[in-house]
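Enquirer: Dropping the sequence and predicted coords here.
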Amino acid sequence: MPNDDIMTVKELADYLKIAEKTAYRFASEGKVPGFKVGSAWRFKKEEIDAWIKRQSEGNTTEQGKK
């Protein structure tokens, strides 16, 4: 059974609809939750989904503070 809840940089980039280079930079800078397997970045889909939720909640909160 394939483990579909672990994503590569390319899969993360596709999922977030951003460039692979941007996804790699976000991972390197700790902007998205991820971990390394050897030299390759991997991302847990559930952690990315939680991160997206936090990002969107933060943006909503900021917009409401006018």
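Expert: Ah, there it is. Residues are numbered from 1 along each chain as shown.
Enquirer: Show me what the top strand by length along the chain is packed against.
Expert: The longest strand of the chain (DSSP state E) is strand 40-44. Here strand 40-44 touches strand 6-7, helix 9-16, helix 20-28, strand 35-37, going by 3 or more CB pairs under 8 Å, 6 or more residues apart in numbering; DSSP states H and E. From N, CA and C alone the C-beta is placed, and that goes for glycine too.
Enquirer: Residues touching it, excluding its own?
Expert: 5-9, 11-12, 24, 27, 32-36 (CB atoms under 8 Å, 6 or more residues apart in numbering).
Enquirer: For these, which two are the farthest from each other?
Expert: Asp5 and Tyr24 (20.1 Å; CB to CB).
Enquirer: out of these two, which sits in the busier spot?
Expert: Tyr24 (16 against 12; other CB atoms under 10 Å).
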